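Enquirer: Just the structure for this:
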Amino acid sequence: MKTFLRIIVAGMIIWTGLVIAAPVTGASINNGAVILMYHRFGEGDFPSTNIRLDQFEAHLKELAESKYTVLPVEKILAALKKGETLPDRTVGITIDDGYRSIYAEAWPRLKKAGFPFTIFIATNGIDRGRQGMLSWDQIREMHKAGVTIGAHTASHLHMPAADMGRNLNELTKSNNRLAMELQKIPSLFAYPYGETSSAIQKLSRATGYQFAFGQHSGVVNSTTDIFYVPRFAMNESFGHLNRFQLVVNALPLPVSDLTPTDPLVTSVNPPLLGFTVTAEVGHLRRLSCFSSNEGKVSVEILGAIRVEVRMTKVFGRGRTRVNCTLPGPGGRWRWFGTLFNVVR
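Expert: Numbering: from 1, shown residues only. Predicted coordinates for the structure are as follows:
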C-alpha cells in the first residue's frame, strides 16, 4: 500500500491537467460527440433520476435514425485523443450507480437496438445486496456480453467533502472489487454526483483511470479535459423528446484557458468564470450563459475570442451548473458547460 501511495503522490505532482488533443482549427471545430447519462429506468418513485420507459424508447427510436452513430464512450474518447474524425452526431451512452432496472429494462432495449453502453458501478451497494440494485451475477452477465463496466467509488461518496486518504481508499476498494468480480480493473471512472476538484482529478489519473466523467452538460471535443468529461443528464423532467433531439444534435463549443481551473469553490464565490473560444467558431456576441442558481447571467466578450461570465448570486452548498450555448450551423447549438461545487 505504501508503494502504491508513493506512485499516486508522484502522479499528482507531475499532473498539470490534460485535454484530449491539440487545439482545434477549421472544420475540426465540429468534431465531437454527445455523451448521455441515465440512472434508473421505469422507476417512477424516483423522478429526479428516473427516465420513463416511453421516454427511453423514444430516445432509442431517435438514435436508430441513420444520421446518428452510437459508439462506446472509450472508443469516442480514444478517437478524439488520436486526432481522428468522428462521424457527425456521434453519441455515447452511460448509466450511473447500478440499479436493477438497468438489467430488467434498459439492457434488453439497448441490446435489441444494438447500442453499446457503459455502467458506472458503486460497489458497496452491490456487495450489500441493497434493494433495487444489480447483483454481481447480473453485472458479470452484462460484462461478458460486451457491456463496459466503469468505477464509481465504493460508497458513492461526496468526494470533495472527504480527505485524500479516504478518496484513495474508495478508489482502491472499488477497483479491487471490480477486478475480483470481473477479472479486469476499470479504465473509466465517473465522479459520484459529478462532484470533483483539481486534486481529485489528479488522484483519479494517478490511480490509473484513462478517462473520468462529470455530470455537467457539454459536447466532448479535442479541448475537453479528459478527467472532467461532460455528459448530458436524462431524467423525467429533462428527457422529453424535443430536449433529447436538441441535445443529441448539439455541436462542440471548443474552449481553452478555462478559469478557474478548479471546480471546487472556496474563497471566490461566485467564481469568475472565463474561457477562450476557438477563433473559427465566431459570432460570440450571440453567446448566452445560464447558471442553475441565477438563470441568465452577464457575458462579456473581450477582444474577439475571450469570454468572461459574471454571476452575482453566491453559490449555496452543493452543486451549481453553468451552461453556455451559441447558435451553430444547420439550426444546431454549440454547447459548453461546467459544474461547480461548494462543500456541504
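
Enquirer: Am I right that E294 is in contact with R310?
Expert: No - taking contacts as C-beta atoms under 8 Å, E294 lies outside contact range of R310: 10.4 Å. No exception for glycine: its C-beta is placed from N, CA and C like everyone else's.

Enquirer: Neighbour count: these two, which is higher?
Expert: Neighbours per residue, other C-beta atoms under 10 Å: of E294 and R310, the larger number sits with E294, 17 against 13.

Enquirer: can you pull the contacts of the more buried one?
Expert: By C-beta atoms under 8 Å, 6 or more residues apart in numbering, E294 lies in contact with 311-313.

Enquirer: give me phi/psi at it?
Expert: phi -140, psi -20 (degrees, to the nearest 10).

Enquirer: per-residue confidence at it?
Expert: Model confidence at E294, expressed as pLDDT, equals 96.

Enquirer: gap between the two ends of stretch 43-59?
Expert: Taking C-alpha to C-alpha, to the nearest Å, stretch 43-59 runs 17 Å from one end to the other.

Enquirer: buried set for that stretch?
Expert: By 16 or more other C-beta atoms under 10 Å, the buried positions in stretch 43-59 come out as 43, 49-53, 55-56, 58-59.

Enquirer: That stretch - what's its average pLDDT?
Expert: Stretch 43-59 comes out at a mean pLDDT of 98.

Enquirer: Distance from the chain centre to that stretch, please.
Expert: Stretch 43-59 has its C-alpha centroid displaced from the chain centroid by 19 Å (C-alpha atoms, centre = their mean, to the nearest Å).

Enquirer: Residue numbering should commence at 24 henceforth.
Expert: Got it, first residue is 24 now, which makes that one stretch 66-82.

Enquirer: pull the helix or strand with minimum mean pLDDT from the chain.
Expert: Using mean pLDDT, DSSP states H and E, the weakest-scoring helix or strand in the chain turns out to be helix 25-37, at a mean of 38.

Enquirer: Flag the shaky bits of this structure, pLDDT-wise.
Expert: 24-40, 43-50 (pLDDT under 70).

Enquirer: Can you give the contact residues for the longest helix along it?
Expert: When the chain is parsed with DSSP state H, its longest helix is helix 187-205. By C-beta under 8 Å, 6+ apart, the surrounding residues in contact with helix 187-205 are 27-28, 31, 144-146, 149-150, 159, 162-163, 166, 172, 174-178, 180, 182, 185, 207-209, 212, 222-223, 226-227, 230-231.

Enquirer: Buried members of the residues you listed into PyMOL, please.
Expert: Here is the PyMOL command that picks out the buried ones among these, judged by 16+ other C-beta under 10 Å:
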select buried, resi 31+144+145+146+149+159+162+166+172+174+175+176+177+178+180+182+185+209+212+222+223+226+227+230+231
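
Enquirer: From I142, how far out is G305?
Expert: Per C-beta to C-beta, to the nearest Å, G305 is found 39 Å from I142.

Enquirer: out of the two, which sits in the more crowded spot?
Expert: I142 (27 against 13).

Enquirer: ok, now which ones touch the residue nearest to the more buried one when sequence neighbours are not counted?
Expert: Using C-beta to C-beta, 6 or more residues apart in numbering and skipping the chain neighbours, the partner closest in space to I142 is I118 (4.9 Å). Shown in contact with I118 (C-beta under 8 Å, 6+ apart): 60-62, 125, 129, 140-143.
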